[in-house]
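>>> Okay, here's the prediction I keep looking at, along with the sequence it came from:
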Amino acid sequence: MNRPAAPLPGLMLHQRVVIAAALAGLTALCWLYLFDAAADMAAMGDMSMAMPPKGTVDLLLLLAMWCVMMVGMMLPSAMPMILTFAAINRRRRERAQPYVPTALFVAGYLLAWAGFSVLATIAQWGLERAALLSPMDMTTTSARLGGLLFLAAGLYQLTPLKQACLRVCRSPFDFVVNHWRDGAAGALGMGFSHGLYCLGCCWILMALLFVGGVMNLLWVAVLAAVVLIEKLLPLGDWMARIGGVLLAAWGVWLLALG
C-alpha cells in the first residue's frame, strides 16, 4: 500500500507554520469569494434565466470563478507536496546549493489547474448553449448526462491511470526527488508536472460539479473532501476504488431512471 509521505523534518517548524498559514489563507480567500458569488446568484433568482448569451466579459468572469474554485478545492490536498518541496529546498540552501522560492512550485501547480479551468469554462458555455445546463443553478438539465458523468467518474476511479496518478500524489518525497529540476523554470515546471498528475487523478471528479451544481458549495465541499481523503489518508487509494464502485452504481441507477 502506498502511503503519503510526511514533510521532511529539515523544514523548521516556524517555516512550516508560515507556509501552511499562507496556503490556508489563500484557500480561505477563495472560499470567501465563492460564498459571495453564490450569494449573488441566489439574490438574482429567476432573473438569471433571462440572461443573454455569454459575451467575452462574462466568459472571463466565469473563467475567474473556475480558477478560484480549483484553487480553493485543490490547494489543501497539495500542502504535503508543497511542504516537502520547501524542506528539500531549505536543505539545498543550507548546503549552498541553488534554491528557489517555494511560491514558484505553487504557481506551476496552480497553472495546471488554470488550464483545466479554461476547458471547464468552455464546457460550461457549450452545455448552456446546448440547453443541457441550467444557467440559474449551473446544474445539468439532463438526467442521462448526469448518469453518464457519474458512471464515467466511477469507472475512471478503477483505471490504472487513476491509480498511477494517485500514487504520485500520495508520495510527495518520491515525486520531488525523482522530478527535481534546478532553477526558477525548474521549480515552475515541477509544480506544473505535479499539477498534471493531480489533474489525472481528479479531473473527472471535477466534472461532477456539472451534476451537483457548479455553485452548490455543499457539493463543492464534498468533492474537495473526497480529493483530500484520497490523497492524504492511509487507505485513500482503497477509498478511491470503493468510491468508484459507488459512483458507477449511482450512474447506472440514474440512467435506469432516465
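In hand now; what should we look at?

>>> and the gap between the residue minimising distance to the centre of the chain and V176?
Nearest to the mean C-alpha position of the chain, counting by C-alpha atoms, centre = their mean, stands M74 at 3.7 Å. As defined by C-beta to C-beta, to the nearest Å, M74 lies at a distance of 18 Å from V176. (C-beta placed from N, C-alpha, C; glycine too.)

>>> sorry, back to before: quick check: closest non-adjacent residue to the residue nearest to the centre of the chain.
Counting by C-beta to C-beta, 6 or more residues apart in numbering, W113 is the residue found nearest to M74 once chain neighbours are left out, at 5.8 Å.

>>> Return the residues in contact with the one you found.
Shown in contact with W113 (C-beta atoms under 8 Å, 6 or more residues apart in numbering): 67, 70-71, 74, 195, 198-199.

>>> right, and L63 touches F116 too?
No - if you go by C-beta atoms under 8 Å, L63 and F116 don't touch, sitting 11.0 Å apart.

>>> shaky segments in this structure?
Along the chain, the parts satisfying pLDDT under 70 run over 1-12, 44-54, 93-94, 96-98, 258.

>>> just the helices in it please.
Ranges of helices in the chain, per DSSP state H, are 13-44, 56-74, 79-94, 102-129, 143-157, 160-169, 172-178, 183-207, 209-212, 217-232, 236-257.

>>> Now those helices in TSV, please, with extra columns for distance to M136.
Shown next, in TSV, are these (distance: least, C-beta to C-beta, whole Å):
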stretch	distance to M136
helix 13-44	8
helix 56-74	14
helix 79-94	35
helix 102-129	10
helix 143-157	16
helix 160-169	33
helix 172-178	41
helix 183-207	20
helix 209-212	14
helix 217-232	15
helix 236-257	21
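
>>> Neighbours of A120, how many?
As a burial measure, A120 scores 24 neighbours (other C-beta atoms under 10 Å).

>>> ah, wrong one, I meant P135
So P135, with other C-beta under 10 Å, has 17 neighbours.

>>> cool, and the one 4 residues further on?
When neighbours are counted by other C-beta under 10 Å, T139 registers 18.

>>> From L188, how far off is it?
T139 is 36 Å from L188, by C-beta to C-beta.

>>> What of Q163?
Distance from Q163 to L188, by C-beta to C-beta: 27 Å.

>>> doesn't T139 make contact with L133?
Yes - judged on C-beta under 8 Å, L133 makes contact with T139 at a distance of 7.0 Å.

>>> which residues do those two both contact?
What both L133 and T139 touch, as defined by C-beta under 8 Å, 6+ apart, is the set F210.

>>> What distance do you get for the closest residue to Y197 other than its chain neighbours to S77?
Nearest residue to Y197 in three dimensions, chain neighbours excluded: V168, at 4.4 Å (C-beta to C-beta, 6+ apart). Computed as C-beta to C-beta, the V168 to S77 distance reads 13 Å.

>>> neighbour-wise, which of the two wins?
Neighbour totals were compared for V168 and S77, and S77 leads with 24 against 21 (other C-beta under 10 Å).

>>> Spit out the contact partners of that one.
Listed by C-beta under 8 Å, 6+ apart, the contact partners of S77 are 169, 198, 224, 227-228, 231-232.

>>> State the distance spanning the first to the last residue of stretch 159-177.
Stretch 159-177 has its terminal residues 26 Å apart, counting by C-alpha to C-alpha, to the nearest Å.

>>> Please identify the buried residues of that stretch?
162, 165-166, 168-173, 175-176 (16 or more other C-beta atoms under 10 Å).

>>> List just the nearest of those residues to L247.
Nearest to L247, judged by C-beta to C-beta, of the buried residues of stretch 159-177 is K162 at 11.8 Å.

>>> For the closest one, which non-adjacent residue is closest in space?
Y156 (5.6 Å).

>>> thinking again about what came up before, between the buried residues of stretch 159-177, which sits nearest G244?
Of these, the one sitting nearest to G244 (C-beta to C-beta) turns out to be K162, at 7.9 Å.
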